[in-house]
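Asker: Sequence and predicted structure, then a few things I'm wondering about:
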Amino acid sequence: MHQTLFTYFGQAMHYDFCPWANAYVYWLKRPIGWVAVAFLASLLLGVFVSSQAFLVSVAIFALGVVGCLWPWIAMVGIRGQLSWSHLRCEEGECIHTTLALVHRWPWQGWGMIVEADDAIASHVDAEGQPICLSRVPAISKSEFEWVCRPRIRGRYPMRDVRLSTAFPFGIWTSYRKLQVATPLFVWPKMIKLVDVPHQAGSTNAGIGTTSEQIGDEGDWMGVRPYRPGDSLRQVHWAQTSRRDSLVVFERQSRSRQLVSIWFDTYAAANAVHEQREWMIRILASLTNHFLSHSWQVRAHFEDSWTPLYANRSSKQLWLDKLACWQHNPSQSATDRIPSIREGVSYCVSTASRAVRLNRSISPNDNAKFFWLLVDDIGPDESSHAFCRSASAIVIDVENDPSNQLRSQWQQLCQRTSRVKVECGS
Amino acid sequence: MNKFIAVSPRVVRSSSRSRLKRPASGQVASTIYNKGNTFLLAIVASIGILLLRLQGCFSTVWLWTEFLICISIAITTRAYFSIHRESTLIASNRGGIPWAIGSILIGAPWGIRLIHRYCLGGVGEATELIWLAMLQNAALWQAAVATTSKQEWTSFLLSSFLMLFGVSTSDRSGMIWIVVLFGLLAAWSLMARYWQSIERGFVAVESVPLVRMRIVLVAILCAVTTAMGAVAMLNKSTITLLDGFMPTSGGKKDADPSARNGIGDGDMLVAAQDEAYTFGPVDSNLFLDSQVPSMYDLASDMYGEPKSRSKKFMRAIALNSETKETTEEGSESKKTGREFSAIRHPVDRSNPIKPRGSQSRAILYLIGETPQHLRLESYDSFDGTEWTHSDDLKSPQQRALPRLRTLSNKPWMELQQHNASIAHPVRERLTIKLINIQSPRIPSPSLLTDIHIDRIDQPDFFGWTSDGQPMMPNCDSIPQLTVVHQIYQVPQLHCLRDASDPLNDIVASSQPSDWLAPYLTVPGNRQSLRSEAERLMQPHLNKSPKRVTDWVRIEALVTALRQDFEVDISYLPPDSCDDVVQHMIETRRGPDYLVATTASVLIRSLGIPSRLVTGFYASRSRFDIRSGQTEVLPEDLHTWAEVYVHGAWLPIEPCSQFAKPREFRSWRQFAIQGWWLLCDTAIHNPLSIATTLFFLGMAVYMRRRIVDAACSSVFLSAHFLSIRSRVRWSLVLLRWRMWVWGVQRPRRATVRQWLESQLVCDPRLRPSDRQLFVDAAQRLAYAPTLATTEWLTANSVPLCNISWAITQRGILDLFRRKSTGHQWSDFQSQSRKK
């Protein structure tokens, strides 16, 4: 009974009976508002009731002055710069952040807060809690270091990084903008995929000469353990018998396998946040995986085809682009996927969009077109049938999507290899 | 590069430099601390409200009983919820206990009122005070049961409102202190709240100092001190710049006529007699019938009635009676008595002297430097038993009319100027409010230069009496409650003591003036008086420089009188005495006017003009801090002597009960005087000085042991607390002790290693004891509360013994040859060698 009463009482006490007035009395919710009201009240009492209240008004005034001037003075004498141990990292990776402060006052600075995006201004052990500085030594160069774990891709800082303090009384906060040495690019999380789909190279990448890249033609370059999808013709039987495990040749290549990845920007723009992020992560994982195997990759992203190369700078540019991409909800829909001339193609989209997009693909392209979809349809939807097809991977973002992608990718690779072997036989 | 690592305390405990502090112990401690602060604020506010309620109290006993019961209930509740904090953090686990307690606390004032009214037949307390008491108890209750910050805020705001209300409606002086205490606690509470909000996110810091901190601090301190000194030296008025700053407070420069209840009241308010700056309708009917005492009355009350001397008869021839008709009306004499008898009747002092016609005992109020000799009347001629002053004696300066000049937009009358060699150029200000004295004379210091009464800008309002005292010639007596502002100078006497200074010869400078002749006459044989004066001053001249100036002789004589003559107001000369000076020299005992008479006559015998002065002595002991003024009562009527030096009358104080008149001394003179005083004390009290130095040296040598023992003595009281508190306090004591002995924890030592190394020096603690204590310390720091409490309770007996041993050690170290601190230092140095 008492609990119910308490609940009702609490609700009544916290009910906003006049929300229209909030805009006018919002200042009253701040501590400085309370101090101002108390000062005014004591002043009026001093004038009209008793002069002793002047004493209180003087004390409150002093409190307000100290509470406002101290933070301001403390911030005037401080400069700072924020930097990171690496310029780029993936989502969920730990990174050391260093705040270098130059404090020029001959007294210590106390109780300061680093105000920035939660991803970078929060310790890995206490996420959500801002980074605070208990004291900054007087006339010194100080370095504060913490480990943060940005969980969302992006180019950090996304907003101004500020040092603030309301010490000693917390009634007024003063700020100082901090410099940022170089921005931090947080790439989308890339799932490490193991298998490579089987596909013979068809594009002549180096005309007239053999390429130094690993391939299936030209001279031998070395041996390596067998990976699912490798042709049986490449097996080095002598090494296999010595090691008691399959070992394959690696030859030079004049040609590369070509892969086209079509990213459905419209679907991503209209998906919910977590699904959109996982679409980006799938795209990043795929491109990274193919580039690490020296495939020739071209990605259709933001209405244009982007050729990607296996060198470091190309990869960085591509991932930086993905890190910085912001969705545009007014993105125009494209219901037609351009025809694929050669190589294999992958489409990253949502399950609901895949059904419509599938209609635009010619029957000839169907065999070399695969779908990597984020599940955004309910359990009763009829499009489930399409999602269960052999050429589609469907990821449920709420149930360990990393493992799902890894395992389903492996299955997809095995399926394509089997199809190839069956066709070959 | 010299790097140092400064980390917050909780980071120290962690092994990684950049690891965050554990939120377990520190946060909880801070939360509890802050909550305790809110509770303390509520208690302070309750005390304030209690003071207010006591003003309109129906029964002090009932009120105190109610207050103590409510406070006890609140403290018990808070203690209960603090102990069972873990389980009662969720409101549903608390049951209806908080509500029941709240009902009791809030309803208590009403209940007691009903009981008092209907069961005991009383009237109870006023309704508004009851509501106030309920609000007070609501604040207490909220603070006691608060689990969320919102509840704490509610309590804090209620307490603040109560304090504001209390200070506005109560005029008790104690309320000011309560408000000050509340303000300090509230500021501390705000700081704790802010710190609590950020402390979970603290990170470590590694710093490189840009410059040497100590040098900067010393430089800043020197610069600030020099600047302040320069400002103060250049313009002394800077120090009193803010005087009369608030215009609505009435008073000095920007007084508002309608001001009230401020630092001073304005003219429109009915004149109050408590404040020196207040003005009022002085011609009100209120004062028409009052019998304000004159100077004669005061002297009679203080010293007794003058004895009538035996009449001297002369033979005469009777003439025809011829009456002359005159149209002039008989007028009352505006002058005070011109005689001051040194032979008086004894006074019955069983009843204190009280002015007639007024409720206030004060003669006047003074704002300014104290002690102060305020001259009112002086006498020039002495016949052995009676002082009189002549009507036609006037110094050249006193013949001139006052000159009007404007200072700070106020009309001031410049009365006279003094010799710049003996009057310090910096002038001081004095304000006097006359309350209970009927006289046209204005009490003033000796070196008065300017005078001001509000709105009086006619010079002829002021004049001089024949004996050289400023007065208001156009009225019988200065109206009561008149505030008189004065500017005066302080004498600088160094030139008079310096034998090489041409001003030191006072006798020669006073010879040519004819009007000074009465001030040089002595009753009886001048030569015998002079020899008596020489004999008195001789012991004190031996200490003086070789060539003795006139002023040094005067000072020696005054010192002799202050040391050898006892002031006893009840010891009067017999009726048959014809020469009170001779009587005083023989008995060396008597009232202050006889001592002053003796001083004046003996100085005259040396050829130096001197006179007797009556007036008031404003004592420093009567200074009221609250109003910033000094009250002068009838008992402060005093008599002293003055010496004429280069155109000015300088006061001398021959009575040891009263402080010497102020004089200006430079810092060098102060230092020399202090040095001589020190040497003199050392020469005369060698044993005391040696003993003091010995003990001071011992105290310095044993300073750490003494501080250690003092800390340990304080911690003895902790042994009446719970086992958790004992262990906690023992840890704190250990930390203090290490700080006192300058023992620091090595960088790489863990808390366990460190504590064990400290305890190993105590031979009474076995290894198992040390282990147990360190375990307890770590559990207190890191383990969950409930589990720690259980563990501590299970090991309470050995832990009590250990904490007792730690505390005892500090006290016993005071008497040991080798203290724990020394052992620690030895242990550390040995550890380093290993």
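Answerer: Yep, it's here.

Asker: Taking the stretch 201-350 of chain A, what residue is nearest to chain B?
Answerer: When scored by Cβ to the nearest Cβ, the stretch 201-350 of chain A has A:Ala323 as its residue closest to chain B, at 25.9 Å. Glycine gets a C-beta too; all of them are placed from N, C-alpha and C.

Asker: Looks to me like that residue is in a helix.
Answerer: Yes - judged by DSSP: H, G, I helix; E, B strand; the rest coil, A:Ala323 forms part of a helix.

Asker: hang on, isn't it packed against A:Arg153?
Answerer: Yes - with contact defined as Cβ atoms under 8 Å, A:Ala323 and A:Arg153 form a contacting pair (4.7 Å).

Asker: Between those two, which contacts overlap?
Answerer: Here A:Ala323 and A:Arg153 share the contacting residues A:186-188, scored by Cβ atoms under 8 Å, 6 or more residues apart in numbering or on different chains.

Asker: Just give me the closest of these to chain B.
Answerer: Of those, the one sitting nearest to chain B (Cβ to the nearest Cβ) turns out to be A:Val186, at 20.4 Å.

Asker: show me what contacts the residue of the stretch 201-350 of chain A closest to chain B?
Answerer: Taking Cβ under 8 Å, 6+ apart, we find A:Ala323 in contact with A:153-155, A:185-188.

Asker: 10 Å - rerun?
Answerer: By Cβ atoms under 10 Å, 6 or more residues apart in numbering or on different chains, the contact list for A:Ala323 reads A:88-91, A:152-156, A:184-188, A:280, A:284.

Asker: Now intersect the residues you listed with the helices, please.
Answerer: The members of the contacts of A:Ala323 that map onto helices under DSSP state H are A:280, A:284.

Asker: Could you point out which of the contacts of A:Ala323 is nearest to B:Val490?
Answerer: Proximity of the contacts of A:Ala323 to B:Val490 (Cβ to Cβ) peaks at A:Tyr156, which lies at 71.4 Å.

Asker: Show the model's pLDDT score for the closest one.
Answerer: On pLDDT, A:Tyr156 comes in at 91.

Asker: Leaving out sequence neighbours, find the closest residue to it.
Answerer: What sits nearest to A:Tyr156 in space, not counting adjacent residues and going by Cβ to Cβ, 6 or more residues apart in numbering or on different chains, is A:Leu184, at 4.4 Å.

Asker: now that neighbour: how far from chain B?
Answerer: Distance, A:Leu184 to chain B, by Cβ to the nearest Cβ, to the nearest Å: 18 Å.

Asker: That residue - how many residues pack around it?
Answerer: A:Leu184 has 26 neighbours, counted by other Cβ atoms under 10 Å in any protein chain shown.

Asker: try B:Glu339
Answerer: 13.

Asker: And it, how close does it get to B:Tyr379?
Answerer: Distance, B:Glu339 to B:Tyr379, using Cβ to Cβ, to the nearest Å: 8 Å.

Asker: Need the residues touching each of these two.
Answerer: Common contacts of B:Glu339 and B:Tyr379, defined by Cβ under 10 Å, 6+ apart, comprise B:386-389.

Asker: Quick check: of those residues, which lies closest to chain A?
Answerer: Comparing the shared contacts of B:Glu339 and B:Tyr379 against chain A with Cβ to the nearest Cβ places B:His389 closest, at 46.1 Å.

Asker: quick one, phi/psi of the closest one?
Answerer: Per-residue torsions, B:His389: phi -130, psi 140 (degrees, to the nearest 10).

Asker: which ones are touching it?
Answerer: Counting by Cβ under 10 Å, 6+ apart, B:His389 touches B:337-340, B:377-381, B:465-469, B:518, B:611-612.

Asker: returning to that earlier point: which one among the shared contacts of A:Ala323 and A:Arg153 gets closest to B:Thr65?
Answerer: B:Thr65 lies nearest to A:Val186 out of the shared contacts of A:Ala323 and A:Arg153, by Cβ to Cβ, at 67.9 Å.

Asker: my guess is the closest one meets A:Ile280, correct?
Answerer: No - contact between A:Val186 and A:Ile280 fails when scored by Cβ atoms under 10 Å: they sit 11.6 Å apart.

Asker: Give me the more crowded residue out of those two.
Answerer: More crowded of A:Val186 and A:Ile280, by other Cβ under 10 Å: A:Val186, with 26 against 23.

Asker: and the residue lying closest to the more buried one once chain neighbours are set aside, how many neighbours?
Answerer: Spatial nearest neighbour of A:Val186, excluding adjacent residues (Cβ to Cβ, 6+ apart): A:Pro150 at 4.6 Å. Residues lying near A:Pro150 (other Cβ under 10 Å) number 23.
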